[in-house]
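# got a sequence here, can you model it:
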Amino acid sequence: MKKVIILLAVCLLTISACKKQETTETPAPNIPTVPQEEVVEISTSFGTMHLWLYKQTPLHRKNFLAHTDSGYFNGTTFHRIVKNFVIQGGDPNSKDADTTNDGSGGPGYTIPAEIKSTLKHVYGAVGAARTNNPEKASSGSQFYIVTNKAGTANLNNDYTVFGQVIGGLDTAYTISVQPKNSKDRPYTNIEMQLKIIKLSAAEIKTRFNFDVAKADSL
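Next comes the predicted model:
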């Protein structure tokens, strides 16, 4: 009987010691997470471009990210190219073999204009294409990239600039000088694949020499 009592006492002391040790262990440090920014990557047969989408144009930014995430843009082409002006794409009509309706398609809605005087049509600016309408509402998917190194100031205040190419401007320029027909459509389809990559502001600065904080303050 005494042996049983002694064994029980030893077990209780052991359990108590283990619990005490567990409660006195140093908790793991709470390491803060680094905020991640969203960058859009456009892959083509001529190279890759990376786009920064301005937070100052939230409707256009949200719409473009949603299309990218859903795969809507994949397989569309740069259906209009003009040297020293722009390259334009994002039309779902450009996915098929019928080239006569390229430039007239979209998701069936427009986006209210978000024209900001601080966001200019500089080299590499990403703008929203649109039809001629008094509200200057943008296409729900078609976009263009400025390929004129001097910019296209004549478009300022008439079209929404909602992004900037931060990497791969040479790819945009190469696309702009490809052989094309009289309607500015390339003879050979220039398809695109888009995806979202997440990087910290520091990584964006290192990789693309682009200042996120400065862009957000424009």
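# and residue 41, that one's in a helix?
No - applying DSSP: H, G, I helix; E, B strand; the rest coil, one finds residue 41 to be strand, outside a helix.
# tell me the confidence at it?
pLDDT, residue 41: 98.
# could you do residue 34 as well?
For residue 34, the pLDDT comes out at 81.
# pull the contacting residues for it.
Applying CB atoms under 8 Å, 6 or more residues apart in numbering, we find residue 34 in contact with 200, 202. In this view, the C-beta of every residue, glycine as well, is placed from N, C-alpha and C.
# repeat that for residue 89.
By CB under 8 Å, 6+ apart, the neighbours of residue 89 are 73, 76, 77, 78, 79, 80, 142, 143, 144, 190, 192.
# what distance do you get for it to residue 76?
For residue 89, the distance to residue 76 equals 6 Å [CB to CB, to the nearest Å].
# shared neighbours of those two, anything?
Shared contacts of residue 89 and residue 76, defined by CB under 8 Å, 6+ apart, comprise residue 192.
# for the residue nearest to residue 208 when sequence neighbours are not counted, grab phi and psi.
Spatial nearest neighbour of residue 208, chain neighbours left out: residue 166 (4.3 Å); criterion: CB to CB, 6 or more residues apart in numbering. Phi and psi for residue 166, reported as degrees, to the nearest 10, are phi -110, psi -10.
# over to residue 67?
Dihedral pair for residue 67: phi -60, psi -40, per degrees, to the nearest 10.
# that one reaches residue 143, doesn't it?
No - if you go by CB atoms under 8 Å, residue 67 and residue 143 don't touch, sitting 9.6 Å apart.
# anything in contact with each of those two?
residue 90.
# who has more neighbours out of these two?
Higher neighbour count among residue 67 and residue 143: residue 143, with 24 against 21, using other CB atoms under 10 Å.
# what's across from the more buried one in the sheet?
residue 89, residue 128 (DSSP bridges).
# show me what contacts the spatially closest residue to residue 79 that is not a sequence neighbour?
Distances taken as CB to CB, 6+ apart put residue 102 closest to residue 79, at 4.0 Å, once the chain neighbours are dropped. By CB under 8 Å, 6+ apart, the residues touching residue 102 are 77, 79, 80, 91, 93, 94, 185.
# if we go to 10 Å?
76-77, 79-80, 88-89, 91-96, 183, 185, 189 (CB atoms under 10 Å, 6 or more residues apart in numbering).
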